[in-house]
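# Here is a sequence with its predicted model. Questions after.
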Amino acid sequence: MFWRVSIGIAAAQLSYRRRQTIVSTLGVALGVGFFVATSALMSGSEQDMVRRLLDNAPHITIKDEFRAAAPQPVFMAFPEGAVTLSSTKPREYLRGIKNHGAKVEELSQQPGVIAEAALMGQAIVRYASKDASAGIAGIDPEKERFLTTIEDNMREGSLMRLKTSSQGMVIGRGMATRLGLGMDDLATVVSPTGLVRRMKVVGIFRTGNLLLDEGQAYMLIKDAQVLLDKPFIANRIRIKIADPDIAEDIAAQLEARWGYRTESWQEVNRDFLGLFVIRNVITYSIVGAIMAVASFGIFNIISTIVMEKRRDIAILMSMGFRAADIQWIFLVQGVFVGLIGMVLGWGIGLVLLQMLGSVEINVPGLMDTQRLPLAIGFFQFGIGGLFAVSSAVAAAWFPARKAAQVRPVDIIRGAT
Amino acid sequence: MNATAGEVPVIELRGVTRILQEAVPVTLVRDIDLSIRRGEFVSVTGPSGSGKSSLLYLLGLLDLPTKGHVFIDGEDTSGYSVDKLAEVRLAKLGFVFQFHFLLPEFTVLQNVTLPMLRLGRLSESEIHERGMSLLRDFEIDDQAKKRPDQLSGGQRQRVAVARALANDPAVILADEPTGNLDMRNSEIVQGIFADLAAKQGRTVIAVTHDKDFADAAPRNVHLVDGKIDSDTRR
C-alpha cells in the first residue's frame, strides 16, 4: 500500500513541474535513442567487417616457418651456463611443410573442419609485352570454394574450370585489364627460378580488394609445384573451422604440436580487432556524455522540486513519514523519468534505425549499392535502458538525500 | 507534579531546555516541567516569541530538546532514533498548524487518508471509509473529490483536523489553528477542538493567542520568555 502512496506522491510532484519534467525526460530519451542507433551501427559494421575478414581468408593458416630460429644445442645443454656463441648462422631447412598430406587428412577428419594444402609463391605474368608480378596460389578448387569467397567473386569462368582444363589459371579483373587478357587467352608465366609456362585464363574474379584483383593468380597446386619447381611440396595448410571464435586456441594447439608457425585470423587482424575496441570505447563515451547531460537535467528538475516542495516534505514528516520514505519518493521520481525516457528512447532508436536502414551508399568502383550494416539486438535496447535508469537514479540520489535531511520543524517554524 | 499517583501522563516534559545554535544562541524554552494527562484540553498562551510554538514542537517530537527529557506514555524518548520518533508521531500524535499544509496535488480525501496509508494498519477499503466518515464528522464529505485550493479557509482547516485524526491519535497538537480564520470559522474550529477533548476523550494541546479559544480550555499554560509563567485550571 505504501509503495502506491509514494508513487502517487512522486507522480503528483513531477506533474507539478510538468514542462521541466518533459524536457529532462526527452534528454534521457535522446540519449537512449542515439545509443541504440549508434551501437546498432557500430556492432553492425563490426560484424560486417569480421564476416568479411572471416570469409575472405582461412581461419587458421599453418606456414612452413618457425616463430624463432631453433636455439643452438649448446644453449640447450647448459641452460644456466654463461655461454656465448658468435658468428652462428641459423640452420637451413628444406622449405615446405613435412608430411602435409597426412596433416591435412587428420585435420579434415575433425567435424566441421576444412583443411587444404596450398603452395604460395611469386611469379611474373607476361602478355603482349606487358608484365605484372603476381602472387601464385596453388590450391585445391573444391576446398578453396569453402575457404575463401573467391568463387563467389568470379565474374567470368569459374574456379572449378581449373580442374577440367590443363594449365589453367584464374586471375583478377585488375590484372586482366592491365595486361589486356581475356577469357581463354594464353599468358606466359615466368617463375623466379626461370621456368616459363604458358597458362590459359579460365576465370576472372573481382573482389574489390586491389591487391588481390591486380596481383593474385590461382592455379592447381600441382601446376604451381611444377612452375615454382617445388615438386610435392606445400608451404601452407589453410583451415576453416566451425567456430571461428576459438581459432586462436586451436592455432596455438597446432603450433605446439607441429612446431610450424600457425596464424589464426585474430592474430593476422589484430590491428582491426583493436580498432573495434577503440570504436566501442568512443561509442560508449559519447553516449555516456549524452547521459551525463541528461542526468544533469534530472538532477536539476528533482532539486527544484525538492526546493519548492519543502513544505510538503515537512508536513509529510510531521505526519510521521520517515526520512527514508521521503528519500524513496524522490528516487521514485528519478526512476519515473528514467523509465519513461527509456521507453521513449527505444521509440526514437527504432525511428533512427529505420532511417539509417534506408540509407543507400554507392561506393565508387563497386557496382552494387550497399546499405549500412545494422545489427539490431535486444542487447542495445537493454544496455540503453540500463544506462537511462541508472543515470536517472544516480541523478535523483543527491536531491533525494537532501529532501530526507529536511528538518520539518525548521520549515514549519519559518512558515508560521 | 500535576500527574495524580497511579496514572501515567500522556506527555511529560522534565527539565526541557531548547537552545537554537545560531551565531548568537537563542534560548527558545528554558527548564520546562509540564505534565499532561490523558483527555486534557490545554491551551498554551503567551506573547509572541515567548516560546509557545517551540514548546508545542517539543511536545510533538518535531523538535528535540537541547537538555531534558520528553516522555510519551511514560517512555523517555531521548534515545529514540529519527525513524522511531516518526513512528510515534504517525501512530500517537496528530498535528494541526496555522496554515493547513495540505498537499495541493491531492484531493481532500487523499490528503486525509495519507497517514492511514503510511501506517498501513487498515485495508484500503477501510481507509477509504474512515476517511469519508472523518470528513462527514466535519461536514465536508461533499468536498471529498475537490482539491484543497478549491476550498474555503475554514473548510481547509477542517480537512487538516480530519487528517490529524486519521490514525486515531491520543494527542492532538494544534499551533494557532484559528490564526488564519475569520470569526465564524474560528468558532467552528474551536468547537471541534472542545468536542475532541470533551466527547472523544482525546488530549488536545493548542497554542493560541485567541483569548476566547484559550478560555474555552479547562487548563491554560501561560509562557513568558520561554518559561512557564502560570499553569491554571478552571
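Nice, thanks for sending it over.
# In the chain, mark out all the strands, start to finish.
The chain I'm using is chain A. If you assign secondary structure with DSSP state E, the strands in chain A sit at A:60-63, A:114-127, A:130-139, A:154-157, A:168-172, A:186-190, A:196-205, A:216-220, A:236-240, A:262-264, A:360-361, A:370-371.
# sorry, should have said chain B
Using DSSP E, the strands of chain B run over B:11-20, B:26-36, B:41-45, B:67-72, B:75-76, B:93-96, B:171-175, B:203-207, B:219-224, B:227-233.
# and among the strands of chain A, the most buried is which?
A comparison of the strands of chain A by mean neighbour count, using mean count of other CB atoms under 10 Å in any protein chain shown, puts strand A:168-172 on top with a mean of 26. Just so you know, the C-beta spots here come from the backbone N, C-alpha and C atoms, and that holds for glycine as well.
# And whatever residue of chain A ends up closest to chain B, how far from A:Trp328?
For chain A, the nearest residue to chain B under the criterion CB to the nearest CB is A:Gly320, separated by 2.4 Å. To A:Trp328, A:Gly320 is 15 Å away according to CB to CB, to the nearest Å.
# ok, these two, which is more surrounded?
With other CB atoms under 10 Å in any protein chain shown as the criterion, A:Gly320 and A:Trp328 differ in neighbour count, and A:Gly320 comes out ahead with 26 against 22.
# What ranges does chain B have for its helices?
Assigned helices in chain B, in chain order: B:52-59, B:82-92, B:108-119, B:124-137, B:153-164, B:183-198, B:211-216 (criterion: DSSP state H).
# Tell me how many other residues surround A:Gln265.
Actually, residue A:265 is Trp rather than Gln. Here the neighbour count serves as a burial measure; for A:Trp265 (other CB under 10 Å) it reads 23.
# elements contacting the helix or strand of chain A with the lowest mean pLDDT?
Using mean pLDDT, DSSP states H and E, the weakest-scoring helix or strand in chain A turns out to be strand A:370-371, at a mean of 75. Strand A:370-371 sits against strand A:360-361, with contacts defined as 3 or more CB pairs under 8 Å, 6 or more residues apart in numbering or on different chains; DSSP states H and E.
# coming back round to it: ok, which of the strands of chain A comes nearest A:Ala10?
With respect to A:Ala10, and counting by CB to CB, the nearest of these is strand A:370-371 at 44.0 Å.
# Any regions of chain B where pLDDT drops low?
Counting by pLDDT under 70, chain B has low-confidence residues at B:1-6.
# what's the distance between the residue most central in space within it and A:Asp312?
In chain B, the residue lying closest to the centroid (CA atoms, centre = their mean) is B:Leu173, at 1.0 Å. Spatial separation of B:Leu173 from A:Asp312 under the definition CB to CB is 19 Å.
# Find the closest residue to chain A in chain B.
Counting by CB to the nearest CB, chain B gets nearest chain A through B:Leu90, at 2.4 Å.
# That residue reaches B:Pro115, doesn't it?
Yes - with the criterion set as CB atoms under 8 Å, B:Leu90 and B:Pro115 qualify as a contacting pair; they are 6.4 Å apart.
# Mutual contacts of the two, please.
Between them, B:Leu90 and B:Pro115 have A:319-320, B:167 as joint contacts when contacts are counted by CB atoms under 8 Å, 6 or more residues apart in numbering or on different chains.
# now, which of those residues sits nearest B:Arg14?
Comparing the shared contacts of B:Leu90 and B:Pro115 against B:Arg14 with CB to CB picks out A:Gly320 as the nearest, at 24.0 Å.
# The closest one: what's it in contact with?
Remark: with contacts taken as CB under 8 Å, 6+ apart, A:Gly320 is in contact with B:86-91, B:93, B:115, B:118-119, B:167.
# Pipe those into CSV and attach neighbour count per row.
Output for these, formatted as CSV (neighbours: other CB atoms under 10 Å in any protein chain shown):
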residue, neighbour count
B:Ala86, 25
B:Glu87, 16
B:Val88, 19
B:Arg89, 27
B:Leu90, 22
B:Ala91, 15
B:Leu93, 26
B:Pro115, 24
B:Arg118, 21
B:Leu119, 19
B:Asn167, 21
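# which of these lies closest to A:Arg52?
Nearest to A:Arg52 among these: B:Arg118, at 62.3 Å, using CB to CB.
# For residue 79, give me the backbone phi and psi.
If you meant another chain, say so; for now it's chain A. When read as degrees, to the nearest 10, the backbone of A:Pro79 gives phi -60, psi -30.
# hmm, I had chain B in mind actually
Recorded main-chain torsions at B:Gly79 are phi -90, psi 0, according to degrees, to the nearest 10.
# Now do the contacts for it.
By CB under 8 Å, 6+ apart, no residues touch B:Gly79.
# With respect to B:Lys52, which of the contacts of A:Gly320 is nearest?
Of all the contacts of A:Gly320, B:Lys52 sits closest to B:Leu93, with 17.3 Å by CB to CB.
# OK, contacts around that closest one?
Taking CB under 8 Å, 6+ apart, one finds A:320, B:60-61, B:169-173 in contact with B:Leu93.
# Would you show me how to pick out the buried ones of those residues in ChimeraX?
Of the contacts of B:Leu93, the buried ones go into a single ChimeraX selection, burial set by 16 or more other CB atoms under 10 Å in any protein chain shown:
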select /A:320 /B:60,61,169,170,171,172,173
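# Could you dump the contacts of B:Leu93 into TSV and include distance to A:Ala217?
Compiled in TSV, those are given as follows (distance: CB to CB, whole Å):
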residue	distance to A:Ala217
A:Gly320	88
B:Gly60	96
B:Leu61	94
B:Pro169	97
B:Ala170	101
B:Val171	101
B:Ile172	101
B:Leu173	99
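# which one of the contacts of B:Leu93 is nearest A:Ile171?
The closest of the contacts of B:Leu93 to A:Ile171 turns out to be A:Gly320 (CB to CB; 87.8 Å).
# What separation do you get for that closest one and B:Pro169?
The value you get for A:Gly320 to B:Pro169, if CB to CB is used, is 10 Å.
# ok, now B:Phe101?
From B:Phe101 over to B:Pro169 the distance is 16 Å, taken as CB to CB.
# still on that earlier bit, chain neighbours aside, what residue packs nearest to the residue of chain B closest to chain A?
Nearest in space to B:Leu90, with sequence neighbours left out and distances taken as CB to CB, 6 or more residues apart in numbering or on different chains, is A:Gly320 at 2.4 Å.
# Which residues of the stretch 201-350 of chain A lie near chain B?
By CB under 8 Å from any CB of the partner chain, the residues of the stretch 201-350 of chain A that approach chain B are A:311-312, A:314-325.
# still on that earlier bit, ok, the closest residue to the residue nearest to the centre of chain B other than its chain neighbours to B:Val44 distance?
Taking CB to CB, 6+ apart as the measure, B:Leu173 lies nearest to B:Gly60, with 4.4 Å between them; neighbours along the chain are not counted. Relative to B:Val44, B:Gly60 is positioned 12 Å away (CB to CB).
# same check, this time on B:Val224
Going from B:Val224 to B:Val44 by CB to CB gives 12 Å.
# Which one's more surrounded, the two?
More neighbours surround B:Val44 than the other of B:Val224 and B:Val44, with 28 against 14 (other CB under 10 Å).
# Let me see the contact set for the more buried one.
The neighbourhood of B:Val44, defined by CB under 8 Å, 6+ apart, consists of B:52, B:55-56, B:205-208, B:220-223.
# could those go into JSON lines alongside neighbour count?
Conversion of the contacts of B:Val44 to JSON lines gives the following (neighbours: other CB under 10 Å):
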{"residue": "B:Lys52", "neighbour count": "25"}
{"residue": "B:Leu55", "neighbour count": "26"}
{"residue": "B:Leu56", "neighbour count": "23"}
{"residue": "B:Ile205", "neighbour count": "28"}
{"residue": "B:Ala206", "neighbour count": "30"}
{"residue": "B:Val207", "neighbour count": "30"}
{"residue": "B:Thr208", "neighbour count": "26"}
{"residue": "B:Asn220", "neighbour count": "19"}
{"residue": "B:Val221", "neighbour count": "23"}
{"residue": "B:His222", "neighbour count": "17"}
{"residue": "B:Leu223", "neighbour count": "23"}
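# For these, give me a markdown table that also has distance to chain A.
Listed next are the contacts of B:Val44 as a markdown table, based on distance: CB to the nearest CB, whole Å:
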| residue | distance to chain A |
| --- | --- |
| B:Lys52 | 10 |
| B:Leu55 | 12 |
| B:Leu56 | 10 |
| B:Ile205 | 15 |
| B:Ala206 | 13 |
| B:Val207 | 9 |
| B:Thr208 | 12 |
| B:Asn220 | 20 |
| B:Val221 | 18 |
| B:His222 | 19 |
| B:Leu223 | 16 |
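# That's all I had, so thanks and see you.
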